[in-house]
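J.: Need coordinates for the following:
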Amino acid sequence: MAERRVVITGIGLITPLGNDLKTTWNNLIQGKSGAGKITAFDTTNFPSQIAAEVKGFDPEKYVPAKDVRRYDRFSHFALGAAAEAWSDAGLEGHQYNPSKMGCILGIGIGGLQTLESNHTELMNGGPRKVSPFLIPRMISNLGPGNVAIKYGLKGINYTVTSACTSGTHAIGEGCRMIREGLQDVVLSGGSEAAITPLALAGFGRMHALTTRNDDPERASRPFDRDRDGFLIGEGAAVLVLEEYEAAKRRGAQIYAEVSGYGFSCDAYHITAPAEGGEGAIQCMKDALTSARLTPEKVRYVNAHGTSTPINDPAETKAIKAVFGDYARSGLVVSSTKSMTGHLLGAAGGIEAAFLAMAIRTSIIPPTINLDNPDEGCDLDYCAHTAREISVDAAMSNSFGFGGTNASVLLSRI
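T.: As a prediction, this is how the structure comes out:
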């Protein structure tokens, strides 16, 4: 059987820039930041007191009021994004076999908020104070599990947990399921809600977070010499992946084709990338091979671009190794984390959605706050302002703790 093609027919977003695709995209291409002082809890004693929080989100739009307390915030986000994606793809009243429909989401941490609050209850009041919903609220597979229950998806259902590469792995694996004929539709992407005291303290103790507390909107500054760490974010992205011929037959809109997927492991260090960038180089090359594209066919790279001292020059070096002279003479790179913050396990999901929108609209989102590029950061990072450019193929990179790497390639159909 010939390898089947996979396309994106629906997108749903819950992000620090908006609670739907349209609002998020408009704010993104206008260069707006989703950062601010943390409102979820008192940060007085924390070195980093800022984040990119989701604002004005009402879970009761997606979950019956009586069930809201049964789900952690990351599940609320997943259900919100899935609702928009399902509607956007026109899947109401679909004719697919439910056993050939699934959900794979990238979730790096899961219900940390639930774990923290129930641990406090346990310490203060004993075991009878712990919620009977602790486990189903907390475990990460209830993100896609709740989506599957809502939409009757009886095929593949699981969570990818691979740190900050989770969302990209989830999309790549969903694509593989469809290519190989195991599924016809997969809702994929990622969700994360880890702006909690313990996460903020943990990342803070690693000195991984920005401490630019007095200027949150300018705190995330990928590739800039004055960057001092990443800005934690939260939210969800769900993409409807669908077999191309079936999508075409039912008249579905198509944003882009998922044309390539590559992955690797540095096998080097628990948090730092390999010094020569071998893993990042390998996964980008493999994505190109998978898509049967030469580097010069890729117009845009959405970089992992975390705004950390180690990542940004290392990723730049890897991009130059893969794209050669073209990296400086036609390739456009940007880091949307400058506006959304770093959504951890959900980052690859929302950044793949941004690739699809760049292809659909011929607009490349900017890297804001890039005032003085650091030494070694010498590519075209689309600084400050979005750019109207026709994009036929685009790549998104994700790299995570433990040396895990993945790249996904989308192409115009």
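
J.: Paired strands for the host helix or strand of residue 8, with orientation please.
T.: Assigned by DSSP states H and E, residue 8 belongs to strand 6-14. Here strand 6-14 has these sheet partners by DSSP bridges: strand 235-243 (antiparallel), strand 256-265 (antiparallel).

J.: Out of those strands, which is the most enclosed?
T.: The highest mean neighbour count among those, using mean count of other CB atoms under 10 Å, belongs to strand 235-243: a mean of 31. From N, CA and C alone the C-beta is placed, and that goes for glycine too.

J.: and that one, how far from the chain's centre?
T.: 11 Å (CA atoms, centre = their mean, to the nearest Å).

J.: what's the following helix or strand after that strand?
T.: Moving toward the C-terminus from strand 235-243, the next helix or strand (DSSP H and E) is helix 244-249.

J.: Now do the buried residues in that following helix.
T.: Across helix 244-249, burial judged by 16 or more other CB atoms under 10 Å covers 244, 246-247.

J.: roughly how far apart are residue 39 and residue 365?
T.: 26 Å (CB to CB, to the nearest Å).

J.: And these two? Which one has more around it.
T.: residue 365 (29 against 10; other CB atoms under 10 Å).

J.: quick one: the more buried one and residue 29 touch, right?
T.: Yes: Residue 365 is in contact with residue 29 according to CB atoms under 8 Å; the separation is 5.3 Å.

J.: where's the residue nearest in space to the middle of the chain relative to residue 337, distance?
T.: Most central in the chain under CA atoms, centre = their mean is residue 347, positioned 2.2 Å from the mean C-alpha point. Separation of residue 347 from residue 337 (CB to CB) stands at 7 Å.

J.: Return stretch 142-156 as CSV; C-alpha atoms alone will do.
T.: Taking Å, rounded to 0.1, in the frame of the first residue of the first chain, the C-alpha atoms of stretch 142-156 are listed here in CSV:
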residue,chain,number,x,y,z
LEU,A,142,-6.4,12.1,31.1
GLY,A,143,-5.7,15.1,28.9
PRO,A,144,-6.3,13.0,25.7
GLY,A,145,-8.5,10.6,27.7
ASN,A,146,-11.1,13.3,28.4
VAL,A,147,-10.9,14.5,24.8
ALA,A,148,-11.5,10.9,23.6
ILE,A,149,-14.5,10.5,26.0
LYS,A,150,-16.1,13.7,24.8
TYR,A,151,-15.8,12.9,21.1
GLY,A,152,-16.1,9.1,21.1
LEU,A,153,-12.6,8.5,19.8
LYS,A,154,-12.1,4.8,20.2
GLY,A,155,-8.7,4.4,18.5
ILE,A,156,-5.3,5.3,19.7
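
J.: which residues are in contact with that stretch?
T.: 71-72, 74-75, 78-79, 82, 86, 91, 98-105, 107, 110-111, 136, 157-159, 174, 177, 182-183, 185-187, 191, 238 (CB atoms under 8 Å, 6 or more residues apart in numbering).
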